[in-house]
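In: Need coordinates for the following:
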Amino acid sequence: MSYIRDKFRAIFQVKDTPHRIAMAFALGVFMGISPLLGLHYVGGFFMAWLFRLNKLVTLVGVSVNNPWTIVPLSSFCVWFGAKLIGIKQVLPDVEWGSITFGKIAGKLTDLNSLMTLVKELMPLIASFFVGATIVGAVSAVAGYFIVHNLVTRYQQKAHDAA
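Out: Numbers count the residues shown, from 1 in each chain. Presented below is the predicted three-dimensional model:
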């Protein structure tokens, strides 16, 4: 809990307008939840640089999706995306007992097997892409208003105390 409190404290102490701080945080939240796995922090940093927003605040927003939240968040995005695009079964039938490291490595090293695997997993990939994009956008909008409200109140309180 102190980790989250420290991150928000860092956001409140940034010298910028509440609108720009909230925009940076919202951009980070969207990038953190986006389906661009592996590019969340790099993408967030690049987008903050591109829009001239505070990079620290953007990276705090990206941290919404972290090792503790990625599994439930990604699972929810797949479920939500599957519901939206009407996919009933996102995973193909799998004989879990017959899976070995050798079979997985064989599928990933042979181009035809890899293409077959991607084709079989396409409902999962499509559900995740659609779900993560929409959940990311909605979370970014919610994050904008929450952070804007909190930063405005913090800055007003700091102004009154001075």
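In: Helices of this structure, start to end?
Out: 2-12, 18-33, 40-50, 55-62, 70-85, 101-109, 111-161 (DSSP state H).
In: What residues does Phe45 make contact with?
Out: Lys55, Thr58, Leu59 (Cβ atoms under 8 Å, 6 or more residues apart in numbering). Where you see a C-beta, it was placed from the backbone N, CA and C, and this is true even at glycine.
In: Among those, name the buried ones.
Out: Lys55, Thr58, Leu59 (16 or more other Cβ atoms under 10 Å).
In: Columns pLDDT and distance to Pro72 on top of those, output as a markdown table?
Out: Below are those laid out as a markdown table (pLDDT from 0 to 100; distance: Cβ to Cβ, whole Å):
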| residue | pLDDT | distance to Pro72 |
| --- | --- | --- |
| Lys55 | 94 | 27 |
| Thr58 | 94 | 23 |
| Leu59 | 92 | 21 |
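In: which one of those residues is nearest Thr69?
Out: Taking Cβ to Cβ as the measure, Thr69 lies nearest Leu59 of the buried ones among the contacts of Phe45, at 15.4 Å.
In: pretty sure the closest one contacts Gly44?
Out: Yes. Taking contacts as Cβ atoms under 8 Å, Leu59 lies within contact range of Gly44: 5.9 Å.
In: Quick check: nearest residue in space to Met31, chain neighbours excluded?
Out: Closest residue to Met31 apart from its sequence neighbours, by Cβ to Cβ, 6 or more residues apart in numbering: Gly44 at 4.0 Å.
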